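Undergrad: 3D, please:
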Amino acid sequence: MSTIQHDKFEAVIGLEVHAQLLTQSKAFAPVSTEFGGAPNTQVTPLCLGHPGTLPVLNENLVRYTVRMGLATGCKIAEKSIFARKNYFYPDLPKGYQISQYETPICYDGEIEIELDNGRKRIGITRIHMEEDAGKSIHDRDPVNTLVDLNRAGVPLIEIVSEPDLRTPGEAYAYLKKIRQIVQYLEICDGNMEEGSLRCDANVSVRPRGESAFGTRTELKNMNSFRNVERAIQFEIDRQIELIESGGEVVQETLLWDPDKLQTRQMRSKEEAHDYRYFPEPDIPPVVLEEDFVDEVRQNLPEMPESRRERFEKQLGLNSDDARTLTENRYLADYYEEILEYLDNPKAAANLVMTEVLRVLNEQSIDIQDFPVRPKPLADLIRLKQDEKINSSAMQKIFNRMLEQEEEPEKLAGEMNLLQISEEGFVEPIIREVLDAHPDEVMRYREGKKQLIGFFIGQVMQKSKGQANPKQVRELLTKKLDQIEKS
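TA: Numbers count the residues shown, from 1 in each chain. Here you go, the predicted model:
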């Protein structure tokens, strides 16, 4: 479906983002949450929905949720209550999900996103705690749907935005901002492909200038930032086409098909009463003491905006480089670890922004999987800084370091890339070059000073790149001046 011009209509978009928390155990049971275990090995009777089992609240579920609430300017409820969200699905053996409904733990917050035309504040309605369901697997068996309950009970937060987003691009920017915040807080790894960050979108359209909302649909199964943007754009176009052809938008839940780049109906959209919410009888209300909230607030990490400002003011980076380096917490940490071994912020930024990011993009890996650690990279930069290698050699050594875990200076020696600054090495080569090119020497003496580049090139070629170019220029200039005066 082609993108439709929205001259007559505007979209109204709200996102519901689910973030799996990086706790070691599940929300209400003492069992591992580690990703990738064999199916149905990380379960307890509680995860399996056995009668008589009682949930016990994981304190870190509360702590991490409060961290997110404080980081997004939310009010923190002194008292919040868990609720049972009742529905039947094969991967929910209890027949209900423990969540929060009327009394979320965090509410009335906002975040600021950056757009091409400036900044925009997006309201956050609520952030609440809940448990994840299991996972239905449809592609392992030609006949049956398989169920893996390892994920059942993994702690989640759900971040519900106000309907303040108007374009797929704004939704994309908002979701990236959410991922950035949860990564900085170290409460979620933000990996959409593994499902640790998931997003549902509520989309409606209305004639421009109207304040009433149109009928909304909910989009699910968007497992990447790009698919979120594509799915929302498709749904906006679909609704506008439907309205302009005389039809009506039906409230329903739609699944995004990333292969066909279109949506398909999943079910009619549920309302809150469909879930028959009622207070969870087995978990007491969560009452937060002021000291607990203050302790969480005092231990919040440096957030991206303040870190970017520090990179600009203290390290002297330009705004674009500082923004790129702080976009991802782990990249910013990597960069700052280089500076623990090297007092040259700009040189470190240049190498990270060019070579390191190039490799990450080419290999589709995260900085955590980058094979070269910060100290060897700092040592490589220092070799260039101390004029022991040139830029070309630096590139070659960097590429070798990706494959071979070795000190850069040792690699430079093995590859014959170390520059030699001893005059006893360079002077004979200079004499040989000048003796071999008497015509060029004469033209230099006659005023063709730009020939100094020719002589430097000849010396570097004969030295196989091992001569120090700066020293070569100085010695050549001195020698040629002596010839001119003689």
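Undergrad: what's next to whatever helix or strand I452 lives in, contact-wise?
TA: In this structure, I452 is located in helix 452-462 according to DSSP states H and E. Applying CB atoms under 8 Å, 6 or more residues apart in numbering, the contact partners of helix 452-462 are 426, 429-430, 432-434, 436-437, 440, 444, 467, 469, 472-473, 476-477, 480. Just so you know, the C-beta spots here come from the backbone N, C-alpha and C atoms, and that holds for glycine as well.
Undergrad: Restricted to buried residues, select these in PyMOL.
TA: PyMOL command restricting the contacts of helix 452-462 to the buried ones, with burial defined by 16 or more other CB atoms under 10 Å:
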select buried, resi 426+429+430+433+434+437+440+444+467+469+472+476+480
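Undergrad: what's the spacing between the nearest residue to Y341 once chain neighbours are set aside and F398?
TA: Spatial nearest neighbour of Y341, chain neighbours left out: A378 (3.7 Å); criterion: CB to CB, 6 or more residues apart in numbering. Look at A378 and F398: by CB to CB, to the nearest Å, they are 12 Å apart.
Undergrad: now the strands for the stretch 251-400 of the chain?
TA: Taking DSSP state E, counting those that start in this stretch, the strands of the stretch 251-400 of the chain run over residues 252-257, 262-268, 278-279, 286-287.
Undergrad: among the ones you listed, which is nearest H50?
TA: Minimum separation from H50 across the strands of the stretch 251-400 of the chain (CB to CB) falls at strand 278-279, 21.1 Å.
Undergrad: and the closest one, what does it pack onto?
TA: With contacts defined as 3 or more CB pairs under 8 Å, 6 or more residues apart in numbering; DSSP states H and E, the packing partners of strand 278-279 are strand 82-86.
Undergrad: Below-threshold pLDDT in the stretch 151-300 of the chain: ranges please.
TA: 267-273 (pLDDT under 70).
Undergrad: for this protein, which helix is longest?
TA: helix 225-244 (DSSP state H).
Undergrad: Distance from it to the middle of the chain?
TA: Its chain's C-alpha centre and that of helix 225-244 lie 25 Å apart, by CA atoms, centre = their mean, to the nearest Å.
Undergrad: Tell me the pLDDT of the residue nearest to Y341.
TA: The confidence metric pLDDT takes the value 96 at A378.
Undergrad: again, but for the one 4 residues further on
TA: According to the predicted model, the pLDDT of R382 comes to 94.
Undergrad: dump the residue contacts of it.
TA: L342.
Undergrad: Let me know which of the strands of the stretch 251-400 of the chain is tucked in deepest.
TA: strand 252-257 (a mean of 18; mean count of other CB atoms under 10 Å).
Undergrad: Residues contacting stretch 68-75, please?
TA: Here stretch 68-75 has contacts from 19, 76, 105-111, 124, 127, 157, 159, 181-182, 184-185, 187, 293, 296-297, 300, 303, using CB under 8 Å, 6+ apart.
Undergrad: one more time with 6 Å, if that's ok
TA: Contacts of stretch 68-75 with the rest of the structure, by CB atoms under 6 Å, 6 or more residues apart in numbering, involve 76, 106-111, 124, 127, 157, 181, 185, 297.
Undergrad: export it as CSV, just CAs?
TA: The C-alpha coordinates for stretch 68-75 follow below in CSV (Å, rounded to 0.1, in the frame of the first residue of the first chain):
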residue,chain,number,x,y,z
MET,A,68,11.8,4.1,35.4
GLY,A,69,9.1,6.3,36.9
LEU,A,70,11.6,8.7,38.4
ALA,A,71,13.6,8.9,35.2
THR,A,72,10.5,9.9,33.3
GLY,A,73,9.2,12.4,35.7
CYS,A,74,6.3,10.3,37.0
LYS,A,75,4.5,10.7,40.3
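Undergrad: Can you verify Y184 is assigned to a helix?
TA: Yes: membership of Y184 in a helix is supported by DSSP: H, G, I helix; E, B strand; the rest coil.
Undergrad: Would you mind measuring from the closest residue to it other than its chain neighbours to P284?
TA: Distance criterion CB to CB, 6+ apart; nearest residue to Y184, sequence neighbours excluded, is R329 at 4.6 Å. Here R329 is placed at a distance of 35 Å from P284 (CB to CB).
Undergrad: surely E280 meets R84?
TA: Yes: using CB atoms under 6 Å, E280 is in contact with R84, at 5.3 Å.
Undergrad: Out of the strands of the stretch 251-400 of the chain, flag the one nearest Q385.
TA: Judged by CB to CB, the one of the strands of the stretch 251-400 of the chain that comes nearest to Q385 is strand 252-257, at 49.6 Å.
Undergrad: For that closest one, which helices and strands make contact with it?
TA: In terms of contacts (3 or more CB pairs under 6 Å, 6 or more residues apart in numbering; DSSP states H and E), strand 252-257 is packed against strand 217-222, strand 262-268.
Undergrad: what about 8 Å?
TA: strand 217-222, helix 225-244, strand 262-268.
Undergrad: about what we covered before: what's the most distant pair in the contacts of stretch 68-75?
TA: So, the contacts of stretch 68-75 by CB to CB: farthest apart are D108 and L185, at 19.0 Å.
Undergrad: Pick out whichever of these two has more residues nearby.
TA: L185 (20 against 15; other CB atoms under 10 Å).
Undergrad: Report the separation between that one and M68.
TA: For L185, the distance to M68 equals 6 Å [CB to CB].
Undergrad: I456 now?
TA: Taking CB to CB, one finds I456 at 58 Å from M68.
Undergrad: repeat for R264
TA: R264 sits 33 Å away from M68, taking CB to CB as the criterion.
Undergrad: Report the backbone C-alpha coordinates of stretch 355-366 in CSV.
TA: Output of stretch 355-366 as CSV, limited to C-alpha atoms (Å, rounded to 0.1, in the frame of the first residue of the first chain):
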residue,chain,number,x,y,z
GLU,A,355,36.0,2.5,12.6
VAL,A,356,34.2,1.0,15.6
LEU,A,357,30.7,2.0,14.5
ARG,A,358,31.6,0.9,10.9
VAL,A,359,32.3,-2.7,12.2
LEU,A,360,29.2,-2.7,14.4
ASN,A,361,27.1,-1.8,11.4
GLU,A,362,28.8,-4.1,9.0
GLN,A,363,28.6,-7.1,11.3
SER,A,364,25.2,-6.2,12.9
ILE,A,365,26.6,-6.6,16.4
ASP,A,366,26.3,-4.5,19.6
